[in-house]
Structure formats: structure tokens, C-alpha cells
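Asker: quick one, structure for this:
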Amino acid sequence: MPLPILYQDDHLIIVNKPAGLLVHPSWLDAHETTSALQQVSEQVDGRPVYPVHRLDKATSGLLVFAFAAETVAQLAAQWSSEQVQKEYLAVVRGYGPEKQRLEHALKPMVDDKRRRHRYLSKAPQAAITEMQCLARCEWPVSVDPKYASARYSLMLLRPLTGRKHQLRRHMKHVAHPIIGDPKHGKGIHNRYFREHLDVARLLLASVRLRIPLPWQEGETLVVDAPVDADFAQIITCFGWQQAIPKNWLPQDTSPVES
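Answerer: Prediction:
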């Protein structure tokens with residue numbers, strides 16, 4: 001299936017990447033036969049494209065490619081700073097904080113052929129995430145035998161730095177791991193969502209980008225992306241449709257009347 005193109009000009013193309021698709025070919029998933037880079041290039045008649053940033057394979061949402069390496073260089077500095085504003089939706093365990101700015105340094109991670117990921121013996125790097133709880137739900141099921149019901153939250157996350165797995169690691173640090181995260185999450189909740197709610201993916205999606213355009217002084221590009229159908233299914237199941245902008249939901253998902 002072609003990737004939805006949400007924006008395109010002479011410099012950039014922005015697509016809505018589904019969960020489970022690699023950004024580019026990687027030895028970490030050598031069995032995969034396609035990637036977002038390959039698909040986007042095919043969709044623009046074979047023109048070369050260059051990733052401006054990365055999304056985890058398991059994360060869905062806004063993915064930016066440039067048509068020239070020079071454009072990537074233009075955007076690189078602002079991408080690693082607070083000039084580009086990134087917003088993500090996440091479903092987490094428990095009642096997340098109403099609002100919090102988390103400044104918690106993270107040890108650098110690299111890909112490792114033997115262990116997939118490993119932490120380096122370097123000093124932790126500064127990492128900052130702003131988080132806001134958009135909606136909460138008490139689910140009348142004893143997912144964890146220690147509790148009569150389960151609690152979940154829909155969080156808006158804004159990473160102000162770009163460390164590897166930053167959002168996933170920060171949410172674990174505040175004891176509200178993202179549902180579907182096999183490394184930093186809680187297996188009992190991941191299994192419940194997979195077996196009873198038919199959702200096996202990481203519930204993390206990039207939904208909005210604000211990008212100052214270096215070639216258009218004073219212009220800021222704002223692009224939004226709807227979540228995937230399976231993510232929208234959970235939002236609908238928990239009655240959270242009215243907590244987010246309508247254009248963050250697929251067009252065939254209608255808000256619940258209050």
C-alpha cells in the first residue's frame with residue numbers, strides 16, 4: 001500500500017508511517033523486504049529521498065524525507081534542538097500526570113548485532129520531555145490480579161531532545177510505561193491489549209510537527225497525522241475521541257456525543 005503523503009514541496013515530503021515499517025533497511029531486521037525510504041522513493045517516481053529524522057519501527061506517524069542531502073543538513077541543527085516541535089500521542093498504564101516537564105538524563109544507546117541494543121559506558125545525556133494527560137480511563141477488568149480494575153491514560157508527549165527511545169524510557173521512569181512496549185513496558189498489560197483488545201502494537205504515534213523552513217524566512221510548516229486504525233480503536237474503546245483534535249483520528253471515526 002502506498003504511504004499517505006501529508007505534505008510535499010520542492011524540498012520535503014512528509015508521510016504517515018504505519019507501525020511495523022522500518023524507516024530504512026537495517027541489519028536489525030534483515031528479513032524485512034521493504035522500508036519507508038524505499039516506498040517513498042517509488043511513490044515519487046524513483047527520486048532519491050533522505051530521512052531527516054528517525055522513528056522506531058514500532059512507532060507510527062509523521063516521517064520527513066528530503067529530496068537532497070543539502071536539505072537534511074539545513075534541518076539537522078534545528079531538528080536536534082527545540083526549534084522543531086514534535087508531539088506524540090501515547091496510551092500508558094495508570095493515571096499519568098496532568099502536566100510535567102521531565103528532565104531525566106539517559107545513557108546513550110547503540111544498536112548491537114549480538115544484543116540488538118546496548119547502553120554505552122558514557123555519561124548520561126540530558127533528555128527533556130514535556131507531558132500532558134489528555135484523558136483517563138478506569139477499565140473494569142482485573143488485568144493485574146493485584147487490582148480489581150485497570151487504569152490507563154492518553155498522554156500528549158513533547159520531546160525537547162532526541163535521545164534513543166527517549167519517550168519510552170521517560171514514561172517508564174515516571175512509572176507510566178507505554179502500552180505495547182516490549183522492552184520498557186509491562187508484559188501483563190501488553191498481553192491483555194493483544195489478547196482481549198486485538199492491539200499488539202506499541203501505542204505511540206507522532207501526530208504533529210512544527211518545522212521552521214530555512215528556505216522561507218519566518219515560515220513555519222505545521223503538519224498533523226491521524227493515528228492508525230488500531231490506535232483509533234483503543235481511543236474509541238476508552239471513550240477518548242473528544243480529548244484530541246478530530247484530524248488526529250481516521251476520517252471514518254466519529255466522536256462520541258456528550
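Asker: and the strands in this structure?
Answerer: 5-8, 12-17, 50-51, 60-66, 85-93, 99-103, 109-112, 116-119, 128-139, 150-159, 204-212, 220-224 (DSSP state E).
Asker: residue ranges with poor pLDDT in the protein?
Answerer: 26-33, 80-81, 110-121, 252-258 (pLDDT under 70).
Asker: is V84 in contact with L213, as I believe?
Answerer: No - the criterion here is CB atoms under 8 Å, and V84 misses it with L213 at 10.8 Å. (Each C-beta comes from the backbone N, C-alpha and C, glycine too.)
Asker: how long is stretch 52-71 end to end?
Answerer: From its first residue to its last, stretch 52-71 covers 8 Å (CA to CA, to the nearest Å).
Asker: and the closest residue to P25 other than its chain neighbours, how many neighbours does it have?
Answerer: Here the nearest residue to P25 in space, its sequence neighbours aside, is S35; by CB to CB, 6 or more residues apart in numbering that works out to 5.3 Å. S35: 19 surrounding residues under other CB atoms under 10 Å.
Asker: contacting residues around S35?
Answerer: Neighbour list for S35: L21, L22, V23, H24, P25, S26 [criterion: CB atoms under 8 Å, 6 or more residues apart in numbering].
Asker: which one of the strands of the chain lies nearest to H165?
Answerer: strand 109-112 (6.6 Å; CB to CB).
Asker: distance of the closest residue to I14 other than its chain neighbours relative to I13?
Answerer: If the residues on either side of it in the chain are set aside, I14 comes closest to Y7, at 4.2 Å by CB to CB, 6+ apart. In this view, Y7 and I13 are 7 Å apart by CB to CB, to the nearest Å.
Asker: circling back to that earlier point, tell me which of V84 and L213 has more neighbours.
Answerer: Applying other CB under 10 Å to V84 and L213 shows that V84 carries more neighbours, namely 20 against 16.
Asker: and that one, how far from G162?
Answerer: From V84 to G162 the distance is 9 Å (CB to CB).
Asker: out of the contacts of S35, who's the most crowded?
Answerer: Neighbour max across the contacts of S35 (other CB under 10 Å) = L21, 21 neighbours.
Asker: grab the nearest non-local neighbour of that one.
Answerer: A36 (5.4 Å).
Asker: L157 too?
Answerer: Here the residue nearest L157, using CB to CB, 6+ apart, is Y88, at 4.4 Å.
Asker: for K183, which of the strands of the chain is the nearest?
Answerer: Closest among these, once you apply CB to CB, is strand 116-119, at 7.8 Å.
Asker: of Y7 and I13, who's got more company?
Answerer: I13 (22 against 17).
Asker: could you pull up the contacting residues of that one?
Answerer: I5, Y7, V40, V44, V49, V64, F65, F67.
Asker: OK, contacts around the first one?
Answerer: The reference is to I5. Counted by CB under 8 Å, 6+ apart, I5 has contacts I13, I14, V15, Q43.
Asker: how many residues are close by the last one?
Answerer: Meaning Q43. Q43 has 16 neighbours, counted by other CB under 10 Å.
Asker: and for the second one?
Answerer: Neighbourhood size, I14 [other CB under 10 Å]: 22.
Asker: and the residue lying closest to Y152 once chain neighbours are set aside, how many neighbours does it have?
Answerer: Counting by CB to CB, 6+ apart, C137 is the residue found nearest to Y152 once chain neighbours are left out, at 5.0 Å. C137 has 18 neighbours, counted by other CB under 10 Å.
Asker: could you do the one 5 residues further on as well?
Answerer: Using other CB under 10 Å, the number of residues around S142 comes to 12.
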